[in-house]
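S.K.: Sequence and predicted structure are below.
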Amino acid sequence: MADSKDKSDPPDKGGEEAKPASAAERVGQPKPVSAAERAKNVKAELKREADEIAGRAPPKPKPKPEPEPEGPPQPPPWYKTLRADPPAHIRTLLGVGFIVLLFFVWWIVTRGAPTERIISPSKLPSPGE
């Protein structure tokens, strides 16, 4: 059975002494933080949580002024304005869609045997009748 350790490494003495890891070996590990830095981070986190609970928001940075657009502003789309006509192809599709919906509802309420229909055939006949 082959040993996975390199032959140049000294034998392990039962884990009593640990070699310091090189920078290349610590790439995936977090950077060690001193106790003072850790305390400062904890205080900042506690203050942030207290502000959230109290409903205070941290001061917002001032927004940068947007440059003035050249020319008149663009009008909003037709579906966001009051009393604006949609384009012709959309008007046609909406009209045809509503008529199809109307026929579908008519078929639903008048389908089946005359005694089982939602609306009787004497009041509203089925589209096929």
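M.R.: Nice, I can see it. Residues are numbered from 1 along each chain as shown.

S.K.: can you list the residues that contact the strand or helix carrying Leu93?
M.R.: Leu93 is part of helix 88-109 when elements are defined by DSSP states H and E. For helix 88-109, the surrounding residues in contact (Cβ atoms under 8 Å, 6 or more residues apart in numbering) are 85-86, 117-119, 124, 126-127. Using the backbone N, CA and C atoms, a C-beta is placed for each residue, glycine as well.

S.K.: 10 Å - rerun?
M.R.: 78-79, 85-87, 117-119, 124-128 (Cβ atoms under 10 Å, 6 or more residues apart in numbering).

S.K.: Pull out the buried residues from those.
M.R.: Buried residues within the contacts of helix 88-109, defined by neighbour count using 16 or more other Cβ atoms under 10 Å: Arg117.

S.K.: of the contacts of helix 88-109, closest to Ala50?
M.R.: Tyr79 (44.5 Å; Cβ to Cβ).

S.K.: Dump the contacts of helix 88-109 into TSV; add distance to Ala36, pLDDT and secondary structure as well.
M.R.: Converted to TSV, those look like this (distance: Cβ to Cβ, whole Å; pLDDT from 0 to 100; DSSP: H, G, I helix; E, B strand; the rest coil):
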residue	distance to Ala36	pLDDT	secondary structure
Trp78	61	86	helix
Tyr79	58	87	helix
Asp85	68	89	coil
Pro86	65	90	coil
Pro87	66	92	coil
Arg117	82	89	coil
Ile118	77	90	coil
Ile119	81	88	coil
Leu124	83	88	coil
Pro125	87	89	coil
Ser126	84	86	coil
Pro127	82	85	coil
Gly128	85	80	coil
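
S.K.: how much space between Pro67 and Pro75?
M.R.: Remark: distance between Pro67 and Pro75 (Cβ to Cβ, to the nearest Å) = 20 Å.

S.K.: hang on, the earlier thing: in the helix holding Leu93, what's buried?
M.R.: Under 16+ other Cβ under 10 Å, helix 88-109 has no buried positions.

S.K.: what about this protein, any weak spots by pLDDT?
M.R.: Residue ranges of the chain with pLDDT under 70: 1-30, 56-61.

S.K.: got the residue ranges for the helices in it?
M.R.: Using DSSP state H, the helices found in the chain span residues 35-54, 88-109.
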